[in-house]
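Undergrad: Just a sequence and a predicted model for now, questions to come.
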Protein chains: 4
Amino acid sequence: MDEIFLQQALEFGQPYTGKGTVASYIPELSKADGRELGISVRPIDGPQLRCGYWQRRFTIQSISKVINLAMALEHFGFDAVFHKTKMEPSGASFNSMSRISDSEEIPFNPLVNSGAIAVVELLLPIGLKEMLSTVRGLCSDKDIIMDEEVFQSEWSHSARNRSLGYLLQSKGLIEGSVDDTLLLYTQLCSLSVTADSLANLGQVLANGGICPQSGRRLLKEEVVRTVLTMMLTCGMYDGSGEFAVRVGLPSKSGVGGGILSVVPGEMGIGVYGPSLDSKGNSAAGQKILEYISRTEKLHIMDRLIRHEAPAAQI
Amino acid sequence: MDEIFLQQALEFGQPYTGKGTVASYIPELSKADGRELGISVRPIDGPQLRCGYWQRRFTIQSISKVINLAMALEHFGFDAVFHKTKMEPSGASFNSMSRISDSEEIPFNPLVNSGAIAVVELLLPIGLKEMLSTVRGLCSDKDIIMDEEVFQSEWSHSARNRSLGYLLQSKGLIEGSVDDTLLLYTQLCSLSVTADSLANLGQVLANGGICPQSGRRLLKEEVVRTVLTMMLTCGMYDGSGEFAVRVGLPSKSGVGGGILSVVPGEMGIGVYGPSLDSKGNSAAGQKILEYISRTEKLHIMDRLIRHEAPAAQI
Amino acid sequence: MDEIFLQQALEFGQPYTGKGTVASYIPELSKADGRELGISVRPIDGPQLRCGYWQRRFTIQSISKVINLAMALEHFGFDAVFHKTKMEPSGASFNSMSRISDSEEIPFNPLVNSGAIAVVELLLPIGLKEMLSTVRGLCSDKDIIMDEEVFQSEWSHSARNRSLGYLLQSKGLIEGSVDDTLLLYTQLCSLSVTADSLANLGQVLANGGICPQSGRRLLKEEVVRTVLTMMLTCGMYDGSGEFAVRVGLPSKSGVGGGILSVVPGEMGIGVYGPSLDSKGNSAAGQKILEYISRTEKLHIMDRLIRHEAPAAQI
Amino acid sequence: MDEIFLQQALEFGQPYTGKGTVASYIPELSKADGRELGISVRPIDGPQLRCGYWQRRFTIQSISKVINLAMALEHFGFDAVFHKTKMEPSGASFNSMSRISDSEEIPFNPLVNSGAIAVVELLLPIGLKEMLSTVRGLCSDKDIIMDEEVFQSEWSHSARNRSLGYLLQSKGLIEGSVDDTLLLYTQLCSLSVTADSLANLGQVLANGGICPQSGRRLLKEEVVRTVLTMMLTCGMYDGSGEFAVRVGLPSKSGVGGGILSVVPGEMGIGVYGPSLDSKGNSAAGQKILEYISRTEKLHIMDRLIRHEAPAAQI
């Protein structure tokens, strides 16, 4: 893989920017330019490759759910987290309320809004400052800050999340202040990253939680296993199943236009493309990842079957 | 891995037989002995390992959905199949109607009843005789027959599937006779297999569609990729997400008590344990697979990260 | 009220024929002329008034649910009927399945398709011939026959009702043959009536079950009370609540374009207007009834409060 | 009707107090004595009749929805109110969220929590003080105050209503402060009434909005028509349909144990019985009303058919 290949992938994706629209439910997000595309690829061993608007800053949005889940598992363990949400894919849209209704006691998984809000309550003792520091470390990006404009815009358009928050409280899944939890949740959605930052984060996950550059373990192995599995089954809203079949890489999208994608054992990939399809996923970003996965044979099932089989004899 | 290890796995699972109950909604299935457990492991390269009731014949039930999906993809292609169902995990119970309701145009995926029935209509031109021959070939088991008693019992308790069938017809997803499709669907559910048969089927999938013994390609590579991905995200009814996190092996359960499990690139596993949990999955069977996966580090994410990373440098 | 007034009501409704469309899901129904309108008013005491296409024959469709409910109550009693359905309005569309899903054990009420099908099973021992004779009697219309073309058209487009039928069977709410029940249900939907027939039926209900002309009791008082109450709360599909507020007359619509309306103690009204709104109710027919109710102060709450109060002193 | 008859009705109801339980989701409500029963009957013309705990003060709870709806219609009109909710019965339980989900744009009706909260926003310019004065006037009860203990208890257990409030805001159905609306909503639920107060309120509604004692019009005729119709179709939570069939009186229940019942043109009835059935309605209260309605032939359909018909000849 080289930058010429990345350029081809980006060109393959470019026409699909016209098939989506920039997020409009939060005014500040609607200012993005839907035609922009950026890619960054960060192999565990090998040079970083970039193309297009890989330096463009955008807000992490739902991709923060991956970090939040990882930190909650890291600090408070499997049981504390999965007392608050199930682990089931839901086929549900990104702000659906129907999947945490009367009959369902707890949210489907920690990567939908309701589950993610419940999980963030666990992070309150850690707080924004330390979380920001953690995100910077995982992304190898000291320039990540909270985008104040986006935060204010989201905070003043948070009725739906508030509704989810109080529903969780009514079920005992938020025990303290709904406001405190939503504040931290929204702040963590408003961190500004680049395709590069996401590729770095993906590289750490691809390497089982150890930063290849520093050799430091940033996440426990079992945390990475859980996070990657949930990304594979639930990371792309209600397009998760089809994306798993077509692309086959644990990934998480955000309405800011980013996609974090992981080739376990190989590399992290960050994509930026703020034109979203009807499910809330970057329209062109998904196509770029499909192009890369197909051309380079990166689908996890292909890799397990092809490269493993001959070498893995007992 | 050896037979002593399998014996330990079976002993680990044994207490969980008491946590479930044998399927009762079809009278004939309720005759099974819930305490029985059997395992068969079939590595791509290496001797077959067995333990417990690995020779017990039981009906394949929903595990047939995997074969049906594979054959429909093989003969009629991706578009013909996924015109009839989506690819989304549903978190839905095994005979749920709520997930193919007014607002949803097509079934969630081909491994829930509604989607599977829609897919079976594609197989009508192939017919039972050829399908039976295919199943025998994929399972390397010439003794597979249709269990007449179970078939009759299911056929006379098929009101719910008929309801699904006519709902599909009303949506144009069954174009011909509902009766013909349901007949073939029910016949294919009534084929009697053993843990051994399932392990053999799993071995073919683990090897990318090529039977390791004969060297013959039985399924196309892209069919296997799709089938394994859907098994991972949707194979264990509404316990699929948690099973993917805890065990991490593409698997499919049936209410006859069987579980087909695949270690891609490595081996096929068949488990028999007819005592089912509330989601319709073999209660002890799941625990046996969790034991094997944990002890042998077979979770796909662990394998991709661990064994791949060092060898896969670019 | 006189024929000039009826003519005004019809002219008031005429523009609304353009706001709906003729039913198209059954081919034979789509042949109706959406511009046609007819009214027939049949006071308990006083001459019959008619206007427009009051002689046009059309199929009774869902209005048969009223007769079926009445006959089931008459012959088998309150408990036999309401063992099969609840009595709750559902706000559901006319062929909804979502309201009889996994979580709901029995249909919401006997005027939605699922509940009506369950009720018709009770009528099997009575049979089509006697039911036809009963309908003729209630409607004072010897020319009512089963419209063979419409019946065939519906019978060959009955997938959704079959789906409901088998769902009911799976819940034990149909104990015998689904096919037998659906056959009678569909035959009873295919009886051809006129606005006049419906007005006569309404007159019997308005008079508490006694035919004013013959003086014969055709329905028990408690049956009429139950039927009229259910018509008021559930008779106009998911427009029932608004119709009760705006018009305030127990009514039942059918997709053939008819509306049966009852002014209890006063008169029966039949309306024909095959152009349907999005809820399946005659678009102009509702407006005609609203005009008549408002102008003549027929809303049940108005009548109870106005005319009663002074006279009913204790 | 006399006090001996009321005593019989109360004795008929007494055993049903054991079939329910006092509301427990708000701690302060759980202090009521489930065995207490009280009735008050207030004919338009004739002496007031009382029996049992008719002087017991309890909080009005959901019965306030009737007054809120009436005042919103009175001051702001039909269109302002029914822009915020539909008029459809929902068959839904009293605190259901499932009926105002993604697919439904606006609440089903103004007598379920979601619809009632939306309506209360209209009342903000009127304010608590004037509303309290109005309630006292409608109930002819100067001693009605806000029960501070119950208010505090509800206000600190209002997570579910907050969730509904923010959901409404996210749909644009609450335009101002959710907190302000919920505060007034909860205050209005916490007004303490007696069976007597409710009977007086019912008498005003029964008399078409005019207080029979003072001769003053308190509510417009069309407001009363709308309110009574909605009480009939939606007033008893998801038991509304069955109550309409069995009792046939426009009524509204509250989880404080009260039921307001109206015999249009005749009388108002107030019942107190804090032991609630699974739907949130007073268990014995319903039985008392059924006894009274059946014995005195008060079902609206019976009254329209029986007493009207002979007198109402054209």
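TA: The structure has been received and is ready for your questions.

Undergrad: Nearest residue to the middle of chain A?
TA: Nearest to the mean C-alpha position of chain A, counting by CA atoms, centre = their mean, stands A:I63 at 2.7 Å.

Undergrad: Report the contact partners of that one.
TA: Counting by CB atoms under 8 Å, 6 or more residues apart in numbering or on different chains, A:I63 makes contact with A:V193, A:L198, A:K252, A:S253, A:G254, A:G256, A:G258, A:I259, A:L260. Bear in mind the C-beta positions are built from the backbone N, C-alpha and C, glycine included.

Undergrad: Quick one: mean pLDDT over the longest helix along chain A.
TA: Ranked by residue count and defined by DSSP state H, the top helix of chain A is helix A:64-82. Averaged across helix A:64-82, pLDDT comes to 98.

Undergrad: for that helix, packing partners?
TA: Identification of packing neighbours for helix A:64-82 by 3 or more CB pairs under 8 Å, 6 or more residues apart in numbering or on different chains; DSSP states H and E yields helix A:113-123, helix A:127-138, helix A:178-189, helix A:221-234.

Undergrad: quick one, that helix and helix A:178-189 angle?
TA: 140 degrees (axes from the mean of the first three to the mean of the last three CA atoms, to 10 degrees).

Undergrad: Contacts for helix A:64-82 next, please.
TA: With CB under 8 Å, 6+ apart as the criterion, helix A:64-82 contacts A:110-111, A:116, A:119-120, A:122-123, A:126, A:131, A:134-135, A:138, A:188-189, A:191, A:201, A:219-220, A:222-224, A:226-227, A:230-231, A:235, A:252, A:254, A:260.

Undergrad: With neighbour count, secondary structure and distance to B:M146 added, can I get the contacts of A:I63 in JSON lines?
TA: Converted to JSON lines, those look like this (neighbours: other CB atoms under 10 Å in any protein chain shown; DSSP: H, G, I helix; E, B strand; the rest coil; distance: CB to CB, whole Å):
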{"residue": "A:V193", "neighbour count": "30", "secondary structure": "strand", "distance to B:M146": "57"}
{"residue": "A:L198", "neighbour count": "32", "secondary structure": "helix", "distance to B:M146": "52"}
{"residue": "A:K252", "neighbour count": "32", "secondary structure": "strand", "distance to B:M146": "45"}
{"residue": "A:S253", "neighbour count": "33", "secondary structure": "strand", "distance to B:M146": "45"}
{"residue": "A:G254", "neighbour count": "27", "secondary structure": "coil", "distance to B:M146": "50"}
{"residue": "A:G256", "neighbour count": "29", "secondary structure": "coil", "distance to B:M146": "54"}
{"residue": "A:G258", "neighbour count": "28", "secondary structure": "strand", "distance to B:M146": "52"}
{"residue": "A:I259", "neighbour count": "29", "secondary structure": "strand", "distance to B:M146": "47"}
{"residue": "A:L260", "neighbour count": "30", "secondary structure": "strand", "distance to B:M146": "48"}
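
Undergrad: Between those, which sits nearest chain C?
TA: For the contacts of A:I63, the minimum distance to chain C (CB to the nearest CB) is 29.5 Å, reached by A:S253.

Undergrad: coming back round to it: which of the helices and strands packed on helix A:64-82 sits closest to chain B?
TA: helix A:221-234 (4.6 Å).

Undergrad: For the residue in the stretch 151-300 of chain A that chain C sits nearest to, give me its contacts.
TA: Closest approach of the stretch 151-300 of chain A to chain C (CB to the nearest CB) occurs at A:K171, with a separation of 17.9 Å. By CB under 8 Å, 6+ apart, the contact set of A:K171 is A:E105, A:I106.

Undergrad: Show me the one of the helices and strands packed on helix A:64-82 that comes nearest chain D.
TA: Set against chain D and scored by CB to the nearest CB, the helices and strands packed on helix A:64-82 come closest in helix A:178-189, at 7.6 Å.

Undergrad: Please state the offset of the closest one from the chain centre?
TA: Between the centre of helix A:178-189 and the centre of its chain there are 17 Å (CA atoms, centre = their mean, to the nearest Å).

Undergrad: Tell me which residues of it come out buried.
TA: Within helix A:178-189, the residues that count as buried by 16 or more other CB atoms under 10 Å in any protein chain shown are A:V178, A:T181, A:L182, A:L183, A:L184, A:Y185, A:T186, A:Q187, A:L188, A:C189.

Undergrad: show me where pLDDT drops low in chain A?
TA: Applying pLDDT under 70 to chain A picks out residues A:91-104, A:306-314.

Undergrad: how about 80 then?
TA: A:90-105, A:306-314 (pLDDT under 80).

Undergrad: What ranges does it have for its helices?
TA: Under DSSP H, chain A gives helices at A:3-13, A:64-82, A:113-123, A:127-138, A:148-155, A:159-170, A:178-189, A:195-206, A:221-234, A:240-246, A:283-296, A:300-303, A:309-311.

Undergrad: most tightly surrounded among those helices?
TA: Highest mean neighbour count among these (mean count of other CB atoms under 10 Å in any protein chain shown): helix A:195-206, with a mean of 29.

Undergrad: Could you find which two of the contacts of A:I63 are furthest from each other?
TA: Comparing every pair within those by CB to CB identifies A:V193 and A:S253 as the most remote, at 13.0 Å.

Undergrad: Taking helix A:195-206 as reference, get the angle to the longest helix of chain A.
TA: 30 degrees.

Undergrad: what separates helix A:64-82 from the chain centre, distance-wise?
TA: Offset of helix A:64-82 from its chain centre (CA atoms, centre = their mean): 14 Å.

Undergrad: do the same with stretch A:196-206
TA: The gap between the average C-alpha position of stretch A:196-206 and the chain average comes to 11 Å, counting by CA atoms, centre = their mean.

Undergrad: what do you get for stretch A:36-50?
TA: On CA atoms, centre = their mean, the centre of stretch A:36-50 falls 17 Å from that of its chain.
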